[in-house]
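*Asks:* The following comprises the amino acid sequence and a computationally predicted model.
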Amino acid sequence: MEYALELKDITMWFPGVLALDKMNLQVRPGEVHAICGENGAGKSTLMKVCTGVHQPYSGEIRMFGERQVFKNPNEAYRKGIAIMYQETSLFEEMTVLENMYIGHEPHLRRGLFSVIDYAAERKQAAEILRLLDTDLDLNEKISQLGMAKKQMVEIAKALTFDAKILILDEPTASLTQREVDALFGVIEKLKQQGIAIVYISHRLEEIFAMCDRVTVIRDGCYISTSNVCDTNKDKLVADMVGRDMGAYYPKKQIELGETVFSVEHLKQEGLVNDVSLTVRKGEIVGIAGLAGAGRTELALAACGFTKPDSGTVTVDGKSLPLGDAAKSMESGVVYVSEDRGKCGLVLNMSINDNVALPQIKGLCKGPFVDRGKCKNLAKEAIERFDIKAPHEDFVVGNLSGGNQQKVSVARAVALNPKALILDEPTRGVDVNAKAEIYTIISKFAQNGLGILMISSDMPELLGMCDRIYVMRDGLICGELSREEATKEQILKLALNI
């Protein structure tokens, strides 16, 4: 069979590190081929080899049987390989049309001059949007779009290059279930057009729903390729981590204490609409909802990062001043952001500095920082959270996504919270790191910590939470016990069916 994309014995070295070791991959035309592996397994490096970012030490790349050598990403694009990264690479203040064609605009000759052929752009762009069955406005600025539409622009941009191979890297990490379903519809249309799709995801349920075959890689090595219909979740996980993972959600039934955190009639115009909720000691309470439902806005208001118009927030029965994040943290309400790169961590600083930063006042001797205390705090975090790093001075930006998330949680827990608010705690991390984070969360609850967990991952909420609040349009539209909660019930409430 002639493969759309074939990698043979790809080997890639970085200084002191063998990133890929004789890696192999074959992707057929018109198939969705998943690539699975833990963070650090080599998935991103492999894709960067495919798209000309890295040149392999040895091995070869073939497209439709023809050997290729890509010196840079533009060469790969021109040959028909396009990639859509987890974080979009669009220009926020430019329009949809401008982003689709930037760097490869069609031109017309006007005497001695060459000018952009805007008519040709619009005609081709309209055809691409019809193919994708999307209502994107070509004149709208990217800054006005939600994440789902931004990703649609990325796909449309790839098709302007006449892409024959489309690589999707964690395409649903920031999407709600409704947006995921819409994306799957687009992928199905692209598949029918004969486009080969490489699908990288940590969400195994998506792989079984959407993909034809799946290749597992581990520690830079090829492990297996299977038809999706011939494998199962347990086999894939065992291949990914090299061992049986056991239970995914280590939730234990424990005796719950008194209410430790509560929100009453919290209002913030246009964002939060008269929300009330409670969290007890040892309880894990989930918040579900579609994008724009107001979940993160509620968390930010409850933690003092934004100031609501009215309402009360209490910890251990004591009211907190609204809009005062520092006071909220001092009182025991700690928030872990969904965006660890922008709001949760300082990526160019060490584990040591990141863990110490939120409580730096308490780590000072007079005007000087007690570096010994900071170092001990970081060492304790590395050991307690099993952060895979050579030492406490290791730069956080060089850690895998899962280990970055552990540092983000570690710095929050170092503040000795009474109520911990986790916003998308496992976004963008692999199955092994997810299991480790779930174990950490479960242990916190066993120790009496009250936990409010916002998540778009439905199995995560169902597997970990004692109760689940469902939000829609800035208000809580339902509350489900662990026994009542199902995916169908949550979606009915979220969609107002």
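*Replies:* All right, it came through fine.

*Asks:* What segments of the stretch 201-350 of the chain are strands?
*Replies:* Listed in chain order, the strands of the stretch 201-350 of the chain (DSSP state E, counting those that start in this stretch) span 213-218, 221-227, 259-268, 272-280, 284-289, 310-315, 318-319, 333-336.

*Asks:* Neighbouring strands - and their directions - for the shortest one?
*Replies:* Neighbouring strands of strand 318-319 in its sheet, by DSSP bridges, are strand 310-315 (antiparallel).

*Asks:* Identify the residues contacting the partner strand?
*Replies:* 260-267, 274-275, 302, 304, 319-320, 322, 328, 331-333, 418-419 (Cβ atoms under 8 Å, 6 or more residues apart in numbering). C-betas here are computed from N, CA, C, even on glycine.

*Asks:* C-alpha coordinates for that strand, CSV please?
*Replies:* Only the C-alpha atoms of strand 310-315 are listed here, as CSV (Å, rounded to 0.1, in the frame of the first residue of the first chain):
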residue,chain,number,x,y,z
SER,A,310,-22.7,41.4,45.4
GLY,A,311,-22.9,38.2,47.5
THR,A,312,-20.8,36.6,50.2
VAL,A,313,-17.9,34.2,50.3
THR,A,314,-17.1,32.4,53.6
VAL,A,315,-14.4,30.1,54.8
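
*Asks:* Give the buried residues for it.
*Replies:* 311, 313-315 (16 or more other Cβ atoms under 10 Å).

*Asks:* likewise stretch 438-453?
*Replies:* Applying 16+ other Cβ under 10 Å to stretch 438-453 flags 438, 440-442, 444-445, 449-453 as buried.

*Asks:* Now a PyMOL select for only the buried ones of the contacts of strand 310-315.
*Replies:* Command for PyMOL that selects the buried part of the contacts of strand 310-315, burial taken from 16+ other Cβ under 10 Å:
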select buried, resi 260+261+262+263+266+267+275+302+304+320+322+328+331+332+333+418+419
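
*Asks:* For Asp423, see how far away the nearest residue to Ser319 once chain neighbours are set aside is.
*Replies:* With sequence-adjacent residues excluded and distances taken as Cβ to Cβ, 6 or more residues apart in numbering, Ser319 is closest to Thr312, at 5.5 Å. Look at Thr312 and Asp423: by Cβ to Cβ, to the nearest Å, they are 21 Å apart.

*Asks:* Leu452 now?
*Replies:* 9 Å.

*Asks:* what residues are shared contacts of the two?
*Replies:* Common neighbours of Leu452 and Asp423 (Cβ under 8 Å, 6+ apart) are Ala299.

*Asks:* How many residues are close by Leu357?
*Replies:* When neighbours are counted by other Cβ atoms under 10 Å, Leu357 registers 15.

*Asks:* before we move on, what about Gln489?
*Replies:* 16.

*Asks:* I'd say it and Leu480 touch.
*Replies:* Yes: between Gln489 and Leu480 there is a contact under Cβ atoms under 8 Å: 6.0 Å.

*Asks:* Buried residues of stretch 271-281, list them for me.
*Replies:* For stretch 271-281, by 16+ other Cβ under 10 Å, it's 271-273, 275, 277-281.

*Asks:* now stretch 158-173: mean pLDDT?
*Replies:* The average pLDDT for stretch 158-173 rounds to 83.

*Asks:* oh, I was asking about stretch 308-321
*Replies:* Mean predicted confidence for stretch 308-321 is 92.

*Asks:* so how far does it reach from one end to the other?
*Replies:* 10 Å (Cα to Cα, to the nearest Å).

*Asks:* how distant is it from the center of its chain?
*Replies:* Put simply, stretch 308-321 sits 31 Å off its chain's centre (Cα atoms, centre = their mean, to the nearest Å).

*Asks:* what ranges do the strands span in the stretch 351-497 of the chain?
*Replies:* 364-365, 368-369, 419-423, 450-454, 467-472, 475-481.

*Asks:* right, so of these, which gets closest to Tyr85?
*Replies:* Closest to Tyr85 of those, according to Cβ to Cβ: strand 419-423, at 21.6 Å.

*Asks:* still on that earlier bit, quick check: the residue nearest to Ser319 vs Gly474, distance?
*Replies:* For Thr312, the distance to Gly474 - Cβ to Cβ - is 18 Å.

*Asks:* quick one on the thing from earlier: of the strands of the stretch 201-350 of the chain, which approaches Glu179 most closely?
*Replies:* strand 284-289 (12.7 Å).

*Asks:* How about residues contacting that closest one?
*Replies:* Contacts of strand 284-289 (Cβ under 8 Å, 6+ apart): 176, 251, 277-279, 295, 298-299, 441-442, 445, 450-456, 458, 461, 464-472, 490, 494.

*Asks:* rewinding a little: Serialize the strands of the stretch 201-350 of the chain to a markdown table and add fields for distance to Pro358.
*Replies:* Output for these, formatted as a markdown table (distance: least, Cβ to Cβ, whole Å):
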| stretch | distance to Pro358 |
| --- | --- |
| strand 213-218 | 35 |
| strand 221-227 | 39 |
| strand 259-268 | 19 |
| strand 272-280 | 21 |
| strand 284-289 | 23 |
| strand 310-315 | 17 |
| strand 318-319 | 21 |
| strand 333-336 | 8 |
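
*Asks:* State the number of residues packed around Glu75.
*Replies:* 14.

*Asks:* The one 10 residues further on too?
*Replies:* The tally of other residues near Tyr85 (other Cβ under 10 Å) stands at 16.

*Asks:* That one contacts Leu168, correct?
*Replies:* No: using Cβ under 8 Å as the test, Tyr85 is too far from Leu168 to be in contact (9.1 Å).

*Asks:* Can you pull out the low-pLDDT segments for this protein?
*Replies:* Residues of the chain meeting the criterion pLDDT under 70: 1, 15-16, 39-40, 86-88, 173-176, 243-248, 362-363, 497.

*Asks:* In it, which residue sits furthest out from the middle?
*Replies:* Relative to the centre of the chain, the most outlying C-alpha is that of Gly111, 49.7 Å out, by Cα atoms, centre = their mean.

*Asks:* Just list the residues touching that one, thanks.
*Replies:* Contacts of Gly111 by Cβ under 8 Å, 6+ apart: none found.

*Asks:* let's number from 456 now, not from 1
*Replies:* Got it, the first residue is 456 from now on, which makes the last one we talked about Gly566.

*Asks:* For it, give its distance to Tyr573.
*Replies:* 18 Å.

*Asks:* One more: Phe840?
*Replies:* 54 Å.

*Asks:* Give me the more crowded residue out of those two.
*Replies:* Neighbour tally, Phe840 and Tyr573, criterion other Cβ under 10 Å: the higher count belongs to Phe840, 20 against 13.

*Asks:* Backbone dihedrals for that one, please?
*Replies:* When read as degrees, to the nearest 10, the backbone of Phe840 gives phi -100, psi 0.

*Asks:* which residues touch the closest residue to it other than its chain neighbours?
*Replies:* Nearest residue to Phe840, sequence neighbours excluded (Cβ to Cβ, 6+ apart): Lys861, at 4.4 Å. Contact analysis of Lys861 by Cβ under 8 Å, 6+ apart lists 840-842, 888, 891-892, 895.

*Asks:* now do 7 Å
*Replies:* For Lys861, the contacting residues are 840, 842, 892, by Cβ atoms under 7 Å, 6 or more residues apart in numbering.
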